[in-house]
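**Student:** Got a sequence here, can you build the structure:
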Amino acid sequence: MGPLSPFLFLAKGLLIGFTIAAPVGPVGILCIKRTLLQGRITGLATGLGAATADLMYGFIAALGLTVVADTLLCCFTYLKLSGALLLLFLGFRTFFSHPKNETQALAKTSLFGAFTSTFFLTLTNPLTLFAFLGIFSAFGFARISDEPGRDIFSLLLGVFIGSALWWLLLSEGITSFKHKLPSKLFEWVNHVAGTLLVLFGVALLANGLYELLS
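**Tutor:** Numbering: from 1, shown residues only. This is a model prediction of the structure:
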């Protein structure tokens with residue numbers, strides 16, 4: 001590899017991280033809801049939790065840590081059930097929470113909670129590992145672990161930055177128009193977001209129980 005190799009790996013990592021993060025799912029719903037009701041910093045902290053988990057799965061995929069990967073796959077159903085329970089908890093808490101109380105919850109503990117909730121939520125979805133393996137393969141990284149250490153570092157740094165960039169753009173985009181929304185709408189934001197999270201949780205729980213009992 002030439003002197004530009006780390007920069008090429010960084011650019012590819014940026015694209016991979018952005019691609020992994022962009023599809024709207026439970027984390028996206030949480031990011032939008034928390035940005036609207038608690039501000040851009042809380043929304044960004046929510047996304048960074050997922051970005052950190054993405055970085056961990058990208059690390060496993062890039063270095064070919066088969067022992068860790070096999071362990072995750074063996075526990076796949078239990079991880080799925082754990083994720084379902086966490087989604088149900090977050091969904092019900094969101095549905096029954098009041099916007100005024102949430103607006104006052106901007107202490108450091110709330111930022112830490114916003115980060116850790118999506119970090120663990122993302123970790124309970126080992127499909128992210130398959131996504132990384134598939135995308136790495138599509139980018140032509142047949143044996144990533146054979147690449148020089150600096151290229152691996154550049155790739156993983158790019159993955160984190162790309163994922164974080166998506167959450168920054170999402171939180172800033174929501175912030176840019178939130179002031180145009182009527183205050184009465186925020187109560188419905190909790191109800192809609194909570195309902196969607198519960199539906200995600202129920203679907204994941206049903207799928208996990210089916211796998212466990214079959």
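
**Student:** Tell me the helix or strand right after the worst-scoring helix or strand of the chain on mean pLDDT.
**Tutor:** Ranking every helix and strand in the chain by mean pLDDT, DSSP states H and E puts helix 99-103 at the bottom, with a mean of 55. Note on helix 99-103: by DSSP states H and E, the next helix or strand toward the C-terminus is helix 108-123.

**Student:** which strands and helices sit next to that following helix?
**Tutor:** Applying 3 or more Cβ pairs under 8 Å, 6 or more residues apart in numbering; DSSP states H and E, one finds that helix 108-123 makes contact with helix 26-38, helix 40-63, helix 76-96. C-beta coordinates here come from the backbone N, C-alpha and C atoms, glycine included.

**Student:** Could you dump those helices into CSV with mean neighbour count and mean pLDDT added?
**Tutor:** Shown next, in CSV, are the helices and strands packed on helix 108-123 (neighbours: other Cβ atoms under 10 Å; pLDDT from 0 to 100):
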stretch, mean neighbour count, mean pLDDT
helix 26-38, 24, 89
helix 40-63, 23, 89
helix 76-96, 18, 84
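
**Student:** Adding distance to residue 192, write the ones you listed out as JSON lines.
**Tutor:** JSON lines is the format used below for the helices and strands packed on helix 108-123 (distance: least, Cβ to Cβ, whole Å):
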{"stretch": "helix 26-38", "distance to residue 192": "8"}
{"stretch": "helix 40-63", "distance to residue 192": "16"}
{"stretch": "helix 76-96", "distance to residue 192": "9"}
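
**Student:** among those helices, which is nearest residue 205?
**Tutor:** helix 76-96 (3.7 Å; Cβ to Cβ).

**Student:** Show residues contacting that closest one.
**Tutor:** The contact list for helix 76-96 (Cβ atoms under 8 Å, 6 or more residues apart in numbering) reads 26, 30, 33, 72, 117, 120-121, 123-126, 190-191, 193-202, 204-205, 207-209, 211-212.
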